[in-house]
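Asks: What follows is a predicted protein model with its sequence.
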Amino acid sequence: MEKQELLYEGKAKQVYATQDPGLLIVAYKDDATAFDGRKRGTIQGKGAINNRMTNLLMARLEREGIPTHLVEELNSRETLVKKVSIIPLEVIVRNIAAGSFSKRYGVEEGTVFDAPTLEFSYKDDALGDPLLNDDHAVALALASREELALIRRYALTIDRLLGEIWRACGITLVDFKVEFGRLEDGRILLADEISPDTCRLWDAETQEKLDKDRFRRDLGGVEAAYIQVMERLAKSL
Ligand code: ADP
Ligand code: UDP
């Protein structure tokens with residue numbers, strides 16, 4: 001399958017059409033952005049790591065019963081995926097308080113929740129991805145109640161499965177963001193990516209941050225952290 005026209009260029013990936021109208025090629029870039037694109041940079045080697053990591057994790061989730069967009073990894077940066085119509089919700093699951101949750105509610109980063117907490121943001125850069133609840137999502141016709149219930153169920157299962165995978169690598173899954181999309185027949189699939197760009201991953205022993213927060217907060221060692229999580233995952237699978 002070959003790349004045809006560039007359909008979309010996002011902050012971290014390019015999306016290309018293919019000869020098959022039901023399939024797309026996603027190409028992962030080394031570009032990094034944070035704070036609604038106000039901070040920009042490059043994380044050398046990130047594209048290849050995020051491509052491989054997303055595919056390893058999605059293949060595992062698929063085996064465990066979560067339908068995903070993954071078709072086939074084509075090369076180090078590119079993957080063939082099923083084309084979906086993305087539901088414009090950032091589905092965020094948190095196990096430990098961090099980032100915007102800590103800031104918004106004044107909770108110390110590192111506070112462990114009794115149970116995972118799920119939230120939705122409206123995926124709209126111009127609006128700054130505002131937080132929204134189920135009623136808002138229904139009012140905006142982003143998804144039906146039934147779809148929201150299914151998305152919630154998938155997201156919590158993904159949290160349990162990813163938590164187990166990362167625990168086996170000596171890494172704590174603090175939080176993550178996923179996106180879902182609809183096939184033409186309405187079936188919902190996990191799409192986009194799962195990587196240190198979209199998850200908070202802390203070393204289980206030292207609590208050292210091994211994710212994009214190293215870039216967001218200028219902590220240094222960004223590339224080394226991405227390489228380390230990838231190596232730990234590859235060894236554990
Ligand atoms: P952003 O749009 O936030 O800058 P990216 O640079 O990661 O993000 O761009 C990738 C885009 O492709 C995102 O908008 C994402 O929602 C979309 N996408 C991911 N998987 C699929 C898919 N299977 N079908 C259609 N679009 C997808
Ligand atoms: N996240 C993401 N894309 C976004 C917003 C958040 O991948 O546009 C991820 C982020 O990496 C973290 C989780 O979702 O793993 C929760 O992020 P949070 O709401 O704390 O926002 P942030 O601190 O990134 O502003």
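Replies: That came through fine. Numbering: from 1, shown residues only. Ligands and ions are numbered 1, 2, ... in the order given.
Asks: For this protein, which residues are neighbours of ligand 2?
Replies: 90, 92, 98-101, 129, 175-177, 198-200, 212 (Cβ under 6 Å from any ligand atom). Every residue, glycine included, has its C-beta placed from N, CA and C.
Asks: ok, 8 Å please
Replies: Contact residues, the chain versus ligand 2 (Cβ under 8 Å from any ligand atom): 34-35, 90, 92, 94, 98-103, 119, 121, 123, 129, 174-177, 197-200, 211-213, 216.
Asks: Among these, which ones are in helices?
Replies: 99, 100, 101, 102, 103, 213, 216 (DSSP state H).
Asks: any idea how far the fourth one lies from residue 174?
Replies: From residue 102 over to residue 174 the distance is 11 Å, taken as Cβ to Cβ, to the nearest Å.
Asks: Those two: which is more packed in?
Replies: More neighbours surround residue 174 than the other of residue 102 and residue 174, with 23 against 16 (other Cβ atoms under 10 Å).
Asks: Now do the contacts for the more buried one.
Replies: Going by Cβ atoms under 8 Å, 6 or more residues apart in numbering, residue 174 touches 94, 95, 96, 98, 199, 200, 201, 202.
Asks: Residue 17 now?
Replies: Applying Cβ under 8 Å, 6+ apart, the residues near residue 17 are 3, 4, 5, 7, 24.
Asks: Over to the nearest residue to it once chain neighbours are set aside: give its phi and psi.
Replies: The shortest distance from residue 17 to any non-neighbouring residue, by Cβ to Cβ, 6 or more residues apart in numbering, is to residue 4 (4.3 Å). Here is the backbone geometry of residue 4 (degrees, to the nearest 10): phi -110, psi -130.
Asks: now do the one 3 residues further on
Replies: Dihedral angles of residue 7 (phi, psi; degrees, to the nearest 10) stand at phi -90, psi -30.
Asks: cool, residue 221 as well?
Replies: phi 60, psi 30.
Asks: Surely it and residue 211 touch.
Replies: No: checked against Cβ atoms under 8 Å, the pair residue 221 and residue 211 is beyond contact range at 11.5 Å.
Asks: which one of the two has more residues nearby?
Replies: The neighbour comparison of residue 221 against residue 211 (other Cβ under 10 Å) goes to residue 211, with 24 against 13.
Asks: circling back to that earlier point, now the buried members of the contacts of residue 174.
Replies: 94, 95, 96, 98, 199, 200, 201, 202 (16 or more other Cβ atoms under 10 Å).
Asks: can you put the residues you listed in TSV and add pLDDT?
Replies: TSV is the format used below for those (pLDDT from 0 to 100):
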residue	pLDDT
94	99
95	99
96	98
98	98
199	98
200	98
201	99
202	98
